[in-house]
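A.B. asks: Would you be able to build a 3D model of this:
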Amino acid sequence: MKLRIEHTTSFSYDAPIGEAYTEMRLYPLDTLSQRCLSFKLTTEPRGEVMEYSDRFGNLVHHFDALESHEKVLVRSVSEVITNPNFTDDQRELTPLDNFDYLAPTKYAPHDEAISKFVAPQVVAGDETKTSLQLMEALFKSLKYERGATDVGTTALEALTLGRGVCQDFAHIMLAACRCAGIPSRYVSMVSTSTPGGVIPAR
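C.D. replies: Residues are numbered from 1 along each chain as shown. The predicted model follows:
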């Protein structure tokens, strides 16, 4: 199947900022199941877009907007052809990935409260069912509410509060899966701006 994928990302600010550094992972990977035929990325404000490959094989595009602006807009258009049958390129995690995807972090700790949340949802010997159970339990336990948390809120804090936004759902799910012994990772686009703050690494 041939697919055309259009993606738009927009950041708006309350007041003009002097600089914004942005990284985007939008280029479709070439794998056994798909091949990228074409890719085009445009930015506003316009500037030089550079690229590098990360440790996961993603092509990362990055740029620095150095002029005063109140909005950053990134558009990408890709054409991808897919195979009729899905094939997983990597069936097993490397030892490093396995360690990374099970390790607790500041935002996704192995805490007693997280462990208590996880325990009733574990289906012995079945990671898929356990993951689905955890997802359902999280959906019932956390209410989506803007402004209830911020970028520094941890999984434990959001779970205790019972409210949060998308990153809080992700942090709790990440902590829960890792606590259950299911390798998991958080994937997020990171943007830093001046003035402003930095979205912390997970």
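A.B. asks: helix/strand/coil for His171?
C.D. replies: Using DSSP: H, G, I helix; E, B strand; the rest coil, the structure places His171 in helix.
A.B. asks: Contacts only, for it.
C.D. replies: Going by Cβ atoms under 8 Å, 6 or more residues apart in numbering, His171 touches Tyr107, Ala108, Thr153, Thr154, Ala155, Ala158, Tyr186, Arg202. Just so you know, the C-beta spots here come from the backbone N, C-alpha and C atoms, and that holds for glycine as well.
A.B. asks: swap the cut-off to 7 Å and go again
C.D. replies: Tyr107, Ala108, Thr154, Ala155, Ala158 (Cβ atoms under 7 Å, 6 or more residues apart in numbering).
A.B. asks: And the pLDDT at it?
C.D. replies: pLDDT, His171: 94.
A.B. asks: if I look at the nearest residue to it once chain neighbours are set aside, how far off is Pro16?
C.D. replies: The shortest distance from His171 to any non-neighbouring residue, by Cβ to Cβ, 6 or more residues apart in numbering, is to Ala155 (3.9 Å). Relative to Pro16, Ala155 is positioned 35 Å away (Cβ to Cβ, to the nearest Å).
A.B. asks: For those two, indicate the residue with more neighbours.
C.D. replies: Neighbours were counted for Ala155 and for Pro16 using other Cβ atoms under 10 Å; Ala155 has more, 31 against 11.
A.B. asks: Could you report the distance from that one to Gly18?
C.D. replies: 34 Å.
A.B. asks: so the residue nearest to His171 sits right up against Arg178, yeah?
C.D. replies: No. Counting by Cβ atoms under 7 Å, Ala155 sits too far from Arg178 to count as a contact (10.0 Å).
A.B. asks: so what sits against both of the two?
C.D. replies: If you check Ala155 and Arg178 against Cβ under 7 Å, 6+ apart, the residues they both contact are Ala108.
A.B. asks: check which helix or strand covers His61.
C.D. replies: Following DSSP states H and E, one finds His61 within strand 59-65.
A.B. asks: what's the answer for Tyr27, then?
C.D. replies: With DSSP H and E as the test, Tyr27 turns up in no helix or strand.
A.B. asks: Tell me how many other residues crowd the closest residue to it other than its chain neighbours.
C.D. replies: In this structure, Tyr27 finds its nearest non-sequential neighbour in Leu59, 4.1 Å apart by Cβ to Cβ, 6+ apart. Leu59 has 17 neighbouring residues, counting by other Cβ under 10 Å.
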